[in-house]
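# missing the sequence, but the structure's below:
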């Protein structure tokens with residue numbers, strides 16, 4: 001995964017938080033999607049129970065939003081631990097790249113990702129491939145005009 005793709009991934013997560021009206025580090029309630037039932041302690045897998053052992057005594061009394069956030073943390077931790085050191089470094093580099101963008105470009109990237117998620121899967125793949133095939137300068141120019149799913153790529157990106 002390229003560093004800029006990682007930046008896009010992080011921006012999509014930030015956009016998801018923004019769409020819910022919170023921020024990534026906001027510790028307010030995490031909404032529980034309609035129809036989702038949060039498991040009781042005895043319904044958790046042994047791996048989940050091990051990772052959440054410090055919450056064992058309180059689990060069944062915790063608000064559903066807190067349990068959802070804890071289960072999301074367990075999933076993110078497992079994905080992180082499954083990554084190779086190279087993948088982890090690419091993720092870190094992508095986070096640094098996104099953080100180093102000027103605020104207006106970060107917002108354009110978030111808007112582009114929101115728009116991208118509304119497209120059919122095949123179009124999303126095509127735009128992501130095109131993005132990955134571009135140089136960092138071409139990507140920045142595309143973002144300045146709106147970004148993937150919002151504006152056409154710059155003329156020099158063909």
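All right, it came through fine. Quick caveat: nothing in here was measured; it's all calculated off a predicted structure.
# residue boundaries of the helices in this structure?
Counting by DSSP state H, the chain has helices at residues 3-20, 46-51, 64-82, 85-100, 103-116, 121-133, 136-144.
# any idea how far the last one is from the chain center?
Counting by CA atoms, centre = their mean, to the nearest Å, helix 136-144 is centred 21 Å from the centre of its parent chain.
# pLDDT on that helix, on average?
Here helix 136-144 scores 86 as its mean pLDDT.
# tell me what that helix is packed against?
helix 103-116 (3 or more CB pairs under 8 Å, 6 or more residues apart in numbering; DSSP states H and E). No exception for glycine: its C-beta is placed from N, CA and C like everyone else's.
# which ones are touching the nearest residue to residue 70 once chain neighbours are set aside?
If the residues on either side of it in the chain are set aside, residue 70 comes closest to residue 52, at 5.8 Å by CB to CB, 6 or more residues apart in numbering. By CB atoms under 8 Å, 6 or more residues apart in numbering, the contact set of residue 52 is 44, 59, 70-71, 74.
# same thing but 7 Å
By CB atoms under 7 Å, 6 or more residues apart in numbering, the contact list for residue 52 reads 44, 59, 70, 74.
# what about the first one, neighbour count?
Burial of residue 44 is recorded as 20 neighbouring residues (other CB atoms under 10 Å).
# distance of the closest residue to it other than its chain neighbours from residue 58?
With sequence-adjacent residues excluded and distances taken as CB to CB, 6+ apart, residue 44 is closest to residue 52, at 7.0 Å. With distances taken as CB to CB, to the nearest Å, residue 52 is found 10 Å from residue 58.
# cool, residue 85 as well?
Look at residue 85 and residue 58: by CB to CB, they are 35 Å apart.
# now swap in residue 67 and tell me
As for residue 67, its distance to residue 58 is 10 Å (criterion: CB to CB).
# one more: residue 117?
Computed as CB to CB, the residue 117 to residue 58 distance reads 35 Å.
# can you check residue 132 too?
Taking CB to CB as the criterion, residue 132 is separated from residue 58 by 44 Å.
# ok, residue 89 next?
36 Å.
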